[in-house]
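# Below: sequence and its predicted model.
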Amino acid sequence: MDVGWHALLIMALFETYEAKYEGADVVSALILCGGKSQRMGQNKAQLALGQRTFLTTAKDTVRRAGITNVVSVGQKGCDVVDDIAFCGPGAALISALYQLNSKKAADSDIEVTAGKNNLALTEIVLVLPVDMPLLTPSSIHFLLDKARETKQSVYFENECFPLVIYNVYCHQHKLRALKNSVASPSMRAVINAVGAVGIPTPTAIKPTLLNVNTPHEYALIS
């Protein structure tokens, strides 16, 4: 039976669509800004860098990396407020993921839709602190590419941030169990819970990973 050139074209387009979107992912970003900032002496999220604050700088960097779902996590005024303040970034991260996942389950049928279409829709979460103002979109792209390439959670060696959690839904139970067993889980414990792999940091990226924790470090970039 001759299906005709138009049918063959449709089949080819469908195969191209499947190849493009099989394993497609949705990327979200969590910006952690709930620390006590004891060494800095003031809220680091509101520190100025040029005409912007650290928080607006972080949001802009993430959006320029192509991530539109950006969520700030921390004290009152953030998109997601820590359920218990000042328990550390590990606890804040787990709490935020739980709150957002609960909201998504209530508001969205994205997982059901993915199942109906037989698409491997993977949620990737980029986690970064608000006090890393020199981070660049290219640094973020590098880490995201490694996560997609290896299909694993990844971070730069010798650094806890930024962290990319690959297929975050698969790690929810482990993370909740961790927080239930330890009130203030360390980021190292979180990294282990999500099976994150440390990757070598390219020389060009190292300066972008500066954590600004003290007035002296802040003065160096101001």
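Received, thanks.

# Strands of the chain, start to end?
Under the criterion DSSP state E, strands of the chain are mapped to 25-32, 48-49, 52-53, 69-74, 80-81, 122-129, 154-156, 163-165, 197-199.

# I'd like these laid out as a markdown table, including distance to Leu135, mean pLDDT and mean neighbour count.
The C-beta positions use only the backbone N, C-alpha and C, and glycine is treated the same way. As requested, these are exported to a markdown table (distance: least, C-beta to C-beta, whole Å; pLDDT from 0 to 100; neighbours: other C-beta atoms under 10 Å):
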| stretch | distance to Leu135 | mean pLDDT | mean neighbour count |
| --- | --- | --- | --- |
| strand 25-32 | 10 | 92 | 22 |
| strand 48-49 | 12 | 94 | 14 |
| strand 52-53 | 14 | 96 | 16 |
| strand 69-74 | 13 | 93 | 20 |
| strand 80-81 | 20 | 88 | 19 |
| strand 122-129 | 6 | 90 | 23 |
| strand 154-156 | 11 | 98 | 24 |
| strand 163-165 | 12 | 98 | 27 |
| strand 197-199 | 16 | 98 | 15 |
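
# Distance to Leu143 added to these, as TSV?
Listed next are these as TSV, based on distance: least, C-beta to C-beta, whole Å:
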stretch	distance to Leu143
strand 25-32	11
strand 48-49	22
strand 52-53	23
strand 69-74	16
strand 80-81	22
strand 122-129	8
strand 154-156	6
strand 163-165	5
strand 197-199	8
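
# Now tell me which helix or strand of this protein has the poorest mean pLDDT.
helix 110-116 (a mean of 36; mean pLDDT, DSSP states H and E).

# ok, now which ones touch the most centrally placed residue in the chain?
Taking C-alpha atoms, centre = their mean, the centroid of the chain lies closest to Leu126, which sits 1.2 Å from it. Leu126 sits next to Val27, Ser28, Ala29, Leu30, Val62, Ile67, Ile140, Leu143, Leu144, Pro162, Leu163, Val164 when contact means C-beta atoms under 8 Å, 6 or more residues apart in numbering.
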